[in-house]
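*Asks:* Below are the sequence and a predicted model; questions follow.
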2 protein chains.
Amino acid sequence: METIKNMALIVQKFGGTSVANIECIRNVAKRVAAERAAGNKVAVVLSAMAGVTNQLDAWAREVSTLSHPEDMAEYDAVVSTGEQVTIGLLALTLRSMGIPARSWLSWQLPIRTDDMHMKARVSSIETKELLVSLEKGEVAIVPGFQGITESGRVTTLGRGGSDTSAVALAAALKADLCDIYTDVDGVYTSDPRIVKKARKLNKIGYEEMLEMASLGAKVLHTRSVEMAMKHNVRVQVRSTFSDNTGTFLVGEEEIMERRLITGITYSRSDAQVSLIKVENKPGIAAKIFGPLAEAEINVDMIVQSISPDGKVADITFTVAKTDLDKTLEALKISGLKYEKLFTASNIAKVSVIGVGMRSHAGLAQKMFATLADKGINIHAISTSEIKISVLIDEEYLELALRALHTAYGLDAGK
Amino acid sequence: METIKNMALIVQKFGGTSVANIECIRNVAKRVAAERAAGNKVAVVLSAMAGVTNQLDAWAREVSTLSHPEDMAEYDAVVSTGEQVTIGLLALTLRSMGIPARSWLSWQLPIRTDDMHMKARVSSIETKELLVSLEKGEVAIVPGFQGITESGRVTTLGRGGSDTSAVALAAALKADLCDIYTDVDGVYTSDPRIVKKARKLNKIGYEEMLEMASLGAKVLHTRSVEMAMKHNVRVQVRSTFSDNTGTFLVGEEEIMERRLITGITYSRSDAQVSLIKVENKPGIAAKIFGPLAEAEINVDMIVQSISPDGKVADITFTVAKTDLDKTLEALKISGLKYEKLFTASNIAKVSVIGVGMRSHAGLAQKMFATLADKGINIHAISTSEIKISVLIDEEYLELALRALHTAYGLDAGK
């Protein structure tokens, strides 16, 4: 018997708002059915109903500080249940439409992860039984956000982890496409709620998406992009609520029409810490950032300016707002000497992202000039190969985004 | 090292109203802590938060008729999640009180059942790891109501199945006691909401409890009583909300002060079907009840009266109200010939239960006389070794219960 070669294997992932209630689940079932009717094999990854994981999380935090690894293991057993509900309900819905379907709990496959509870990483997915099921024409439905450890405890992947589950499954199944259905219809050049002229991108490179994702374009979980890049998984971000083509995540080589700048993103989740007149001697950076690293606080932007005589320095850095208290505590313990300490939470980080940064020196200068032109003060700057970020006062955020979007020629209609 | 011999192993089971919210779960944690502080090893079996399983059940039924075994397997995966939430939350609560505790999902032990989804029976519980955990002084917390099949699919035991889980666990662990915590403080001689003079029983025999449970005293799931009897598990039914001693389920030999009659129960869940002038020939009962058995309809009371010439018979029987439509359908298909068919749903079954039935002939007669005295008509009678049940019009139910309770000398203060 000859196998039909042009049958594709597609992983479809639906987020919490897409399975928020029975009507939504019926809508998802129709999308799955359409993909299957088109002659494709379909594996589905689901989130919990919108709000359910939040409720489970809140209950767990009400009774526990979650400070011990064993607490985190119990937390994971609790918060992983929401997806088990939606996958079963979708299987039932598909079956009552006459479509063979089966839900697979993470321990039934299994989906293996490391044992870092609450932020586990997928290490492998056993696909043997899944492939048999898909070969029979069944829709295979898998819970997002979770897995089990080698010793058989339930783990979760951190909030937004279902995207990673979907990409990991697509990689394990060698799927032709991983469709991430969400409540937006793709990746935009900037946040369309602020920048009215933002355009939807048809394609975006993995690395650019990685910067976009980690900088606050909340369309995809960062780790899912890393995983897609690593395993070269073709991902499409698209809307559950329309039939429009979304944005494809692809290797750079696939993007024919090369843009210098891909998008402008922002984040309001950072706080600024400034230490004024720190004694400047060798090892001072280690004395500041060592204790922070030990307290598992991520430091993002760092700016150091040294006095003319070289004896004292001002140091500014950013941490997540949620880590601010912990940061001040760690600094206190460090015994560091300084004249003054400032903190600010009413700040925002704006980032310009694009592979053009690699080769075009003028692109950074355009950012500084544009902001200067609008009278916006820059508190700190950080750069990577394909990104420049600046820290500004939050009240200028919208103005900065729109001005940069225009300056880099990203406005719709251009 | 010498093992402390007088340390008991206790299984505590808490129902849905006992874990309805975080405050309730904290209360449960205190009860568990007290048992442990008293020097006992404690294994806990929990239901889902009150209302949760109903919600999950309703969602599943909204999208599926649950007519195929595969549907039922998906149903079980969905409705079994509620207990996974409560066991994790209780483990977290105990741990934050400084008490080592761990939740065990049914597949982690595993709890094995047959593959009759939605009404599975526990076949075995692997206790090796549990016993190690208990030996270390940890509280072991296990989900009620569920298990897995030999091939690793999730099953549920039917509504109320958590009692059975608890007794099965107590049997597997050879526990000294299985405390079933619920919202009533024990087993009463009759329903205290109707019969104000009902008394709480200190002890009740397994067989009597079996009749009480199956006839509508909804304190315990019938199967849990069967299992307790089979494995000789000492069970106490008691209230989560008070410290009073409850009712102990024990072997008959343990009940010193022998009562003739233990209690009066009732059920409103039956419907009556009467076939008038059925052609009376050999095999007619098989022709009626064969198709019903095939359709998995449980027939309870059966009364057949034959005309003087022996040619035709009237047949009355009862089925669960929920099975009435299915029953009429099955009768239609059977091609049975009769003159008329009556059905009635406004009926009730009243039962008098007690081991005294075995030896005291007059006890049945007392029931008939008492009801006749109140002018209550009996539509059907059925008996077992330790029970007599009669079918009466529902409107007389309260009157019948109170009259019988008094007639059999069960009233409080007697």
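*Replies:* Good, I have the coordinates.

*Asks:* Quick one: residues contacting the most centrally placed residue in chain A.
*Replies:* Centroid check for chain A by Cα atoms, centre = their mean gives A:His221 as the closest residue, at 2.2 Å. Listed by Cβ atoms under 8 Å, 6 or more residues apart in numbering or on different chains, the contact partners of A:His221 are A:Gly158, A:Gly160, A:Gly161, A:Ser162, A:Asp163, A:Thr164, A:Ala213. Just so you know, the C-beta spots here come from the backbone N, C-alpha and C atoms, and that holds for glycine as well.

*Asks:* Same list (these) but as JSON lines, adding distance to B:Lys41 and pLDDT.
*Replies:* Putting the contacts of A:His221 into JSON lines (distance: Cβ to Cβ, whole Å; pLDDT from 0 to 100) gives the following:
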{"residue": "A:Gly158", "distance to B:Lys41": "36", "pLDDT": "90"}
{"residue": "A:Gly160", "distance to B:Lys41": "41", "pLDDT": "80"}
{"residue": "A:Gly161", "distance to B:Lys41": "37", "pLDDT": "93"}
{"residue": "A:Ser162", "distance to B:Lys41": "39", "pLDDT": "95"}
{"residue": "A:Asp163", "distance to B:Lys41": "43", "pLDDT": "95"}
{"residue": "A:Thr164", "distance to B:Lys41": "40", "pLDDT": "96"}
{"residue": "A:Ala213", "distance to B:Lys41": "49", "pLDDT": "74"}
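
*Asks:* From A:Val235, how far out is the residue nearest to the centre of chain A?
*Replies:* Separation of A:His221 from A:Val235 (Cβ to Cβ, to the nearest Å): 11 Å.

*Asks:* Flag every residue of chain A that's near chain B.
*Replies:* Within reach of chain B by Cβ under 8 Å from any Cβ of the partner chain, chain A has these residues: A:22, A:25-26, A:56, A:59-60, A:62-66, A:68, A:70-71, A:74-75, A:77-78, A:81-82, A:84-85, A:87-89, A:91-93, A:95-96, A:102-103, A:105, A:107-108, A:152-154.

*Asks:* Buried subset of those residues as a ChimeraX selection?
*Replies:* To isolate the buried members of the residues of chain A next to chain B in ChimeraX, using 16 or more other Cβ atoms under 10 Å in any protein chain shown:
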select /A:22,25,26,56,59,60,63,64,66,70,71,74,75,77,78,81,82,84,85,87,88,89,91,92,93,95,96,102,103,105,107,108,153,154
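
*Asks:* residues touching the residue of the stretch 251-400 of chain A found nearest chain B, list them.
*Replies:* Chain B sits closest to A:Lys326 of the stretch 251-400 of chain A, with a gap of 20.4 Å, by Cβ to the nearest Cβ. Listed by Cβ under 8 Å, 6+ apart, the contact set of A:Lys326 reads A:Ala295, A:Ile297.

*Asks:* what about the closest residue to A:Leu249 other than its chain neighbours, neighbour count?
*Replies:* Leaving aside its sequence neighbours, A:Leu249 sits nearest to A:Val235 (Cβ to Cβ, 6 or more residues apart in numbering or on different chains; 4.0 Å). Counted with other Cβ atoms under 10 Å in any protein chain shown, the neighbours of A:Val235 add up to 29.

*Asks:* cool, the one 5 residues further on as well?
*Replies:* The local packing count at A:Thr240 equals 21, with neighbours defined by other Cβ under 10 Å.

*Asks:* Distance of it relative to B:Glu129?
*Replies:* Taking Cβ to Cβ, one finds A:Thr240 at 42 Å from B:Glu129.

*Asks:* just A:Ser67 next, same as before
*Replies:* Separation of A:Ser67 from B:Glu129 (Cβ to Cβ): 25 Å.
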